[in-house]
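Novice: I'd like to go over a predicted model; first the sequence, then the structure.
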Amino acid sequence: MEKVLLTGIAGGQGRLVARRLLEGFEVCGVDRVPWEGRPRGVTVHQVDLRKKKFEDVVRTEQPTAIVHMGFIRHFRTDPRLRHDVNVRGTKQLLDHCIHYGVQKLVVLSSGYVYGAFPENPYNMDEDHPLSASRSYPEIRDLVEVDTLATAFIWKYPHIRTCVLRPVNILGYYVQSMIGEYLRQPRVPTMMGFDPMMQFIHEEDICEAIALALAHGLQGVFNVVGPGAVPLHTAIRETGGRAVPLPEPLVRPLFDRLFRLGLWPYPAGAIDFLKYPVTLDGSRFVEATGFKPLFGLQEIFQSVRRE
């Protein structure tokens, strides 16, 4: 069997992907934290992507493919560390792919890289510019990672590289900003705004990654779920109560609280509560036949507060 190495294997999404890929691949992985109780047959190395030990893992394991999910996506750590782990760690990984004969690479990016703006068209395709850092500088590292991986596709075409940009991921195990936001009993919204939002189940992301590997995809692909709903509908269906707030008062307040470490989201995240970021996923469907297994009701139920 092909051997797949997963970065970020001990995280919620990483564990799900590992279990899914065990059906058809030999699986190993790396993470900065251990995975207690991992399935039999899964080898986990506790290393940092930026260190020499990670290169040693790639050289000794000799994976046919790598799935790169080992990012810091939350804001609870020093921003300089987050940027270094995400950007320099990715650069190191790409170098190792070149030097150690990796044949396939899947990078799990995010639909957030497009940015939330009033001029956004509905159903943006993969050619839409990555503009998130214009209004949301705290995630410029994720934009840089996506840009690095996209350039890698064309510079090293002999390595089948695929960048996946999923919509909002929800589920019981995955830790995502949108999940934390919707799990609040009282959910702040921006007064006068109710953007359309897309969601996908954590298990469907596992299936998308498995399909990308099986098909040896090369290129950039949006990955979307079963449909779009207004934000207020998502809040209601996950058991929360929307609390509309005036943006002129909220933005400076959130910015101050975030800088003091008392609020988990930067002020730039507010734009995603105002403007739609809806993606066209037809390119991925045409390439793989992907069809989400989980409907919106099941997706919302996975994070619902009773």
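Specialist: All right, it came through fine.
Novice: ok, now how distant is Leu293 from Val47?
Specialist: 33 Å (C-beta to C-beta, to the nearest Å). C-beta: built from backbone N, CA, C; applies to glycine.
Novice: and the two? Which one has more around it.
Specialist: Using other C-beta atoms under 10 Å, the more surrounded residue of Leu293 and Val47 is Val47, with 17 against 13.
Novice: pretty sure the more buried one contacts Lys53?
Specialist: Yes. Taking C-beta atoms under 8 Å as the definition, Val47 is a contact partner of Lys53 at 4.3 Å.
Novice: which element is Leu142 on?
Specialist: Assigned by DSSP states H and E, Leu142 falls within helix 140-155.
Novice: how about the helices in the stretch 201-306 of the chain?
Specialist: Using DSSP state H, counting those that start in this stretch, the helices of the stretch 201-306 of the chain run over residues 202-215, 231-237, 247-259, 282-288, 296-301.
Novice: mean pLDDT lowest for which of these?
Specialist: Of all these, the minimum mean pLDDT falls on helix 247-259 (a mean of 91).
Novice: where do the strands of the chain begin and end?
Specialist: Listed from the start of the chain, the chain has strands (DSSP state E) covering 3-7, 26-31, 43-46, 65-68, 104-108, 160-166, 168-170, 186-190, 196-201, 219-223, 228-230, 241-245.
Novice: buried ones in the last one?
Specialist: Read that as strand 241-245. Ala242, Leu245 (16 or more other C-beta atoms under 10 Å).
Novice: now the strands of the chain in JSON lines, with distance to Arg305?
Specialist: JSON lines is the format used below for the strands of the chain (distance: least, C-beta to C-beta, whole Å):
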{"stretch": "strand 3-7", "distance to Arg305": "30"}
{"stretch": "strand 26-31", "distance to Arg305": "29"}
{"stretch": "strand 43-46", "distance to Arg305": "32"}
{"stretch": "strand 65-68", "distance to Arg305": "31"}
{"stretch": "strand 104-108", "distance to Arg305": "27"}
{"stretch": "strand 160-166", "distance to Arg305": "23"}
{"stretch": "strand 168-170", "distance to Arg305": "13"}
{"stretch": "strand 186-190", "distance to Arg305": "10"}
{"stretch": "strand 196-201", "distance to Arg305": "16"}
{"stretch": "strand 219-223", "distance to Arg305": "26"}
{"stretch": "strand 228-230", "distance to Arg305": "18"}
{"stretch": "strand 241-245", "distance to Arg305": "10"}
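Novice: quick one, which of those strands gets closest to Arg259.
Specialist: strand 186-190 (17.7 Å; C-beta to C-beta).
Novice: chain center to the closest one: distance?
Specialist: 23 Å (C-alpha atoms, centre = their mean, to the nearest Å).
Novice: go on, stretch 63-71?
Specialist: 13 Å.
Novice: what is the mean pLDDT for it?
Specialist: 97.
Novice: and if you look at stretch 126-146?
Specialist: 95.
Novice: so how far does that stretch reach from one end to the other?
Specialist: With C-alpha to C-alpha, to the nearest Å as the measure, the ends of stretch 126-146 fall 12 Å from one another.
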